[in-house]
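[1] okay, sequence plus prediction incoming.
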Amino acid sequence: MKKVFSIFLVLILMVSMLAGCTPKNTSSNDTPPAENTSPNENKPVEDTSSKDGNIVKIGLGHSTSIGKSKDLAVDKDGKDILPVGQVDTVIAAVGFDKDGKVVKVTIDTAQTKVNFDKDLKVTSDLTAENKTKVELKDDYGMVKASEIKKEWYQQIEELEKWMIGKTVDEIKSMKVKERDESHKSVPDVPELTSLVTVTVEGYIAAVEEAYKTAVEIGSGAEKLGLGHEISIGKSKGLEVKDGKETLPVAQVDTVMAATAFDKDGKVVGTIIDNAQTKVQFDNKGIITTDKNAEIKTKIELGDAYGMKKASTIGKEWFEQIAEFEKWMVGKSVDEIKALKVKERDESHKHVPDIPELTSTVTVTVEGYIAAVAEAYANAK
């Protein structure tokens, strides 16, 4: 009896051992992991097309309006309304990836005023620095009227963040609402309703223009900056000399640059343009410039700008600036600032004086270099 029981125990032990040697998870629905397979190898590939360092195109978008300029007038209480030439220029520097998605974006607005007295003399300081809304920061003064207690530059930063990773079509399809007569295109999407209460139509249009006019750049771009230089120095008041009348004009020159830089701070690509905007008045202080007309930059004017006929090298402004942009590629801002220049005449005191540019660029370049240097300082 004991012998039978012993044999029975041995059989049980053998069955248990065989069961322990059976591979687990071998049903027909299970596939064992392949040899040398990383745990993450079968996961979906992360889309990195909109991350830093993948900028393949850059664009410079802008729009200019003089619609808020004012005539000399008298209000219902008999108080003088003094004339002002106001030029509002929205600017956007945008970097796009190979799929047209926004990788980098900086938006700003230059709201520049030239004030006159009732005798139509300029009262604005023609040499003063003119700051954009981003540069003004808290001094712009929006926060006191903001229902969300955010300044303009803070709101535009949130809008820029929202744009990252989106195509222009996706950005344009943003749902908006009318807040009041002056704010007809305010974001109406959950991500922005508590962060952006400004009207965004003009900013989206600038980004769209940046996409439409974008140019391909070399590889290695990691940062993109927006730079600008604003001057009202060519504005003039009413003057009569030797029987000749010079009519008042508010002239605002807004140089802008969208520039991409590599990890070493060298220029990978840049776009430079200049909005030379004039608001003209008659001798009664009434604006004679069409306030609703499209205002074009020098690049947009192309041959119509009319420099070629006066150029010693027979090249238009857009052709010369394109040559200057090419020269900058591969150089650091310090190298660009070290460019040797010469004075051609009283109006052209910083003309390139190096063999590579003397036959292609005869415009004064001081403001363009300053705009690229600022783009570097602001690059992100």
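    Cool, the structure landed.

[2] contacting residues around Val114?
    84-86, 122, 124, 232, 235, 250-252, 279 (CB atoms under 8 Å, 6 or more residues apart in numbering). From N, CA and C alone the C-beta is placed, and that goes for glycine too.

[3] element containing it, please.
    strand 102-115 (DSSP states H and E).

[4] in terms of secondary structure, what does the following helix or strand past that strand contact?
    Remark: after strand 102-115, the chain's next helix or strand is helix 133-136, criterion DSSP H and E. Judged by 3 or more CB pairs under 8 Å, 6 or more residues apart in numbering; DSSP states H and E, the packing partners of helix 133-136 are strand 102-115, helix 152-163.

[5] now the angle between strand 102-115 and the shortest one, please.
    Relative orientation of helix 152-163 versus strand 102-115 (axes from the mean of the first three to the mean of the last three CA atoms, to 10 degrees): 150 degrees.

[6] go through helix 152-163 and flag the buried ones.
    152-160, 162-163 (16 or more other CB atoms under 10 Å).

[7] make TSV out of the residues you listed and add distance to Glu201 and pLDDT.
    Compiled in TSV, the buried residues of helix 152-163 are given as follows (distance: CB to CB, whole Å; pLDDT from 0 to 100):
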residue	distance to Glu201	pLDDT
Trp152	15	97
Tyr153	19	97
Gln154	19	97
Gln155	14	97
Ile156	14	98
Glu157	18	98
Glu158	16	98
Leu159	12	98
Glu160	16	98
Trp162	15	98
Met163	14	98
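
[8] how many neighbours does the closest residue in space to Lys177 that isn't next to it in sequence have?
    Of all residues not flanking Lys177 in the chain, Asp188 sits nearest, at 4.1 Å (CB to CB, 6 or more residues apart in numbering). When neighbours are counted by other CB atoms under 10 Å, Asp188 registers 13.

[9] what's the distance between Asp188 and Glu135?
    Distance of Asp188 to Glu135, computed by CB to CB, to the nearest Å: 29 Å.

[10] sorry, back to before: in CSV: the buried residues of helix 152-163, plus distance to Ala221.
    As requested, those are exported to CSV (distance: CB to CB, whole Å):
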residue, distance to Ala221
Trp152, 28
Tyr153, 25
Gln154, 27
Gln155, 27
Ile156, 22
Glu157, 21
Glu158, 24
Leu159, 22
Glu160, 18
Trp162, 22
Met163, 18
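
[11] from those residues, which is closest to His62?
    Closest approach between the buried residues of helix 152-163 and His62, by CB to CB: Ile156, at 15.0 Å.

[12] how about the helices of this structure, start to end?
    2-20, 133-136, 152-163, 168-172, 201-212, 298-301, 317-328, 333-337, 366-378 (DSSP state H).

[13] make a markdown table out of those and add distance to Glu222.
    Below are the helices of the chain laid out as a markdown table (distance: least, CB to CB, whole Å):
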| stretch | distance to Glu222 |
| --- | --- |
| helix 2-20 | 57 |
| helix 133-136 | 21 |
| helix 152-163 | 17 |
| helix 168-172 | 22 |
| helix 201-212 | 19 |
| helix 298-301 | 26 |
| helix 317-328 | 17 |
| helix 333-337 | 15 |
| helix 366-378 | 12 |
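
[14] who wins for proximity to Ala257 among those?
    That would be, of the helices of the chain and by CB to CB, helix 366-378, which comes in at 3.9 Å.

[15] the closest one to strand 102-115, inter-axis angle?
    Using the same axes, to 10 degrees: helix 366-378 against strand 102-115 is 130 degrees.

[16] buried residues, helix 366-378. List them.
    367-376, 378.

[17] go on, stretch 340-348?
    The neighbour-count check on stretch 340-348 (16+ other CB under 10 Å) flags Val341 as buried.

[18] what do you get for stretch 261-270?
    Neighbour counts using 16+ other CB under 10 Å place 261-262, 266-270 of stretch 261-270 among the buried residues.

[19] with only the CA atoms kept, save it in PDB.
    Extracted C-alpha coordinates of stretch 261-270, given in PDB (Å, rounded to 0.1, in the frame of the first residue of the first chain):
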ATOM      1  CA  PHE A 261      19.500  82.300 -36.400                       C
ATOM      2  CA  ASP A 262      21.300  79.000 -35.800                       C
ATOM      3  CA  LYS A 263      22.700  77.700 -32.500                       C
ATOM      4  CA  ASP A 264      25.800  79.900 -32.900                       C
ATOM      5  CA  GLY A 265      23.800  83.000 -33.500                       C
ATOM      6  CA  LYS A 266      24.600  83.200 -37.200                       C
ATOM      7  CA  VAL A 267      21.900  84.300 -39.700                       C
ATOM      8  CA  VAL A 268      20.300  81.400 -41.600                       C
ATOM      9  CA  GLY A 269      17.800  83.700 -43.400                       C
ATOM     10  CA  THR A 270      16.300  87.100 -43.100                       C
END
